[in-house]
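Engineer: A predicted structure for the sequence below; I have some questions about it.
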Amino acid sequence: MSSLTCFKAYDIRGELGTELNEDIAYRIGRAYGEFLKPKTIVVGGDVRLTSEALKLALANGLRDAGTDVLDIGLSGTEEIYFATFHLGVDGGIEVTASHNPMNYNGMKLVRENAKPISGDTGLRDVQRLAEENNFAKVDESQRGSYKQITVLDAYVDHLMGYINLDNFNRPMKLVINSGNGAAGHVIDAIEKRFQKANVPVTFIKVHHQPDGNFPNGIPNPLLPECRQDTADAVREHHADMGIAFDGDFDRCFLFDGEAQFIEGYYIVGLLAEAFLQKEPGAKIIHDPRLTWNTMDIVTKAGGVPVMSKTGHAFIKERMRKEDAIYGGEMSAHHYFRDFAYCDSGMIPWLLVAELLCVKNTSLKALVADRMAAFPASGEINNKLDDAKAAIEKIRAVYEPESTHVDLTDGVSIEFDNWRFNLRSSNTEPVVRLNVESRNNTKLMNDKTSEILTLMLGK
């Protein structure tokens, strides 16, 4: 029995050929079908050149296990989430490698109601069956069907339900960079809705056409080197806001009217406040990496901030448990109760654009006070040979003088005027550092340098 290294903590990702190929995709489909015994599954795929072939091999595996397959075609991950809960089917699988390198692909798996399938909720079981590859002979009379469908209109109907087009009462220019990924067809459909309602919003589209060769680079705006084209277009067109997506558009990244990148952390606070205006007293989920701004906004707006471990499976589980209206991670993952507690990259920018109109202000003005009140380092990643030892070393230095220590995810250590979170990655030998302060950028920068010097032994 050969081990399949493409199975990760939360999803499936692997290098093409050795770690992931059509045979392995078939086995994953067959294993999913045998383990969960679903009647009907939706499948889709991103723009990568291998996604279509892997998706069809996956579909064959599902069908051989007796599962009916509905194929929504080129899609982002959230379209699979939507199709799963909207159609009331038994699960969904998106073939995507999101922002991984060209020679990779992967899959994200959900069950009924778009609940995530990860390590301890079925993924290990699917992995075991796929590795054993000991499936019964296919009974042709029991084989599942295959049908191509579209849910685009219903999905866009759902997206438009989060905003009121009457609020878009002033001219606005939006730069939207799909990164040659899967977002373009959704942006076109949303644009048509705006035009039909005579909404004075102009869409300026950058790298709009889907192209699995990624002629403008892999779309991952979390990396500073992937932001230039969006920023340049904002400047050139004097746009009100820039929006950039990753490959499967489950994350969106925002730029203000001066082409400055806005850290996802501050967008969490913005959206939390917007939802609390609609539902006072609601619970808001946030991750432990950067917290003070979110907790301050939520508390002042009469909501209840609830901290969860980082990662989509943990956030979604906690949101369901708390019945939270919204959850946000600083990494630009935003989760919505009415979207089956799933993350969406389309809903956030629609809400922020509406907010700019309602408050008749700019994105820079909306977040400037918060950025000054709680300056943050942004996530700093360092590859270390012994991540555990490095974290213990930092804890030994800072814990004795701290006012609070939290171990929800890695270690968070707080003082009166600054705090930091240090955690190791689930998937690579990397330590991730986030530092924030209260109204003191110099203190935040000094402490960031101090911790890095200690940790890296420089």
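Structural biologist: Yep, that arrived.
Engineer: what's next to stretch 262-271, contact-wise?
Structural biologist: For stretch 262-271, the surrounding residues in contact (Cβ atoms under 8 Å, 6 or more residues apart in numbering) are 253-256, 286, 290, 293-294, 296-298, 326, 328-332, 334, 348, 351-352, 355, 363, 366-367, 370-371, 376, 378. C-beta here means a position set from N, CA and C on the backbone, and glycine is covered the same way.
Engineer: of those, which belong to strands?
Structural biologist: 253-255, 286, 326, 328, 334 (DSSP state E).
Engineer: follow-up on the earlier one: buried subset of the contacts of stretch 262-271, written for PyMOL?
Structural biologist: Buried residues among these (16 or more other Cβ atoms under 10 Å), as a PyMOL selection:
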select buried, resi 253+254+255+256+286+290+293+294+296+297+298+326+328+329+330+331+332+334+348+351+352+355+363+366+367+370+371+376+378
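Engineer: turn the ones in strands among the contacts of stretch 262-271 into CSV, columns for pLDDT and distance to V126.
Structural biologist: Shown next, in CSV, are the ones in strands among the contacts of stretch 262-271 (pLDDT from 0 to 100; distance: Cβ to Cβ, whole Å):
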residue, pLDDT, distance to V126
F253, 97, 32
L254, 98, 36
F255, 98, 39
H286, 98, 30
Y326, 98, 30
G328, 98, 29
H334, 98, 27
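Engineer: can you put these in TSV and add distance to Y398?
Structural biologist: As requested, the ones in strands among the contacts of stretch 262-271 are exported to TSV (distance: Cβ to Cβ, whole Å):
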residue	distance to Y398
F253	31
L254	33
F255	34
H286	22
Y326	32
G328	27
H334	31
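Engineer: return the residues in contact with the residue nearest the centre of the chain.
Structural biologist: The centroid of the chain falls nearest to H333 when counting by Cα atoms, centre = their mean (3.7 Å). Counting by Cβ under 8 Å, 6+ apart, H333 makes contact with 250-251, 312, 315, 343.
Engineer: ok, it to C252 distance?
Structural biologist: Plainly put, H333 is 10 Å away from C252 if you go by Cβ to Cβ, to the nearest Å.
Engineer: how about L454?
Structural biologist: As judged by Cβ to Cβ, L454 and C252 stand 35 Å apart.
Engineer: the more surrounded of these two?
Structural biologist: C252 (26 against 15; other Cβ atoms under 10 Å).
Engineer: for the protein, identify the residue most remote from the centre.
Structural biologist: Most distant from the centre of the chain: S141, at 40.0 Å, with distances by Cα atoms, centre = their mean.
Engineer: and the pLDDT at it?
Structural biologist: With respect to pLDDT, S141 scores 97.
Engineer: what's the distance between it and D90?
Structural biologist: 21 Å.
Engineer: quick check, K115 in contact with M319.
Structural biologist: No: with contact defined as Cβ atoms under 8 Å, K115 does not count as touching M319 (11.3 Å).
Engineer: neighbour-wise, which of these two wins?
Structural biologist: Counted by other Cβ under 10 Å, K115 and M319 do not tie: M319 has more neighbours, with 24 against 21.
Engineer: could you check how far the closest residue to that one other than its chain neighbours is from I315?
Structural biologist: Nearest residue to M319, sequence neighbours excluded (Cβ to Cβ, 6 or more residues apart in numbering): Y341, at 4.5 Å. Distance from Y341 to I315, counting by Cβ to Cβ: 8 Å.
Engineer: secondary structure element holding V306?
Structural biologist: In the assignment (DSSP states H and E), V306 maps to strand 304-307.
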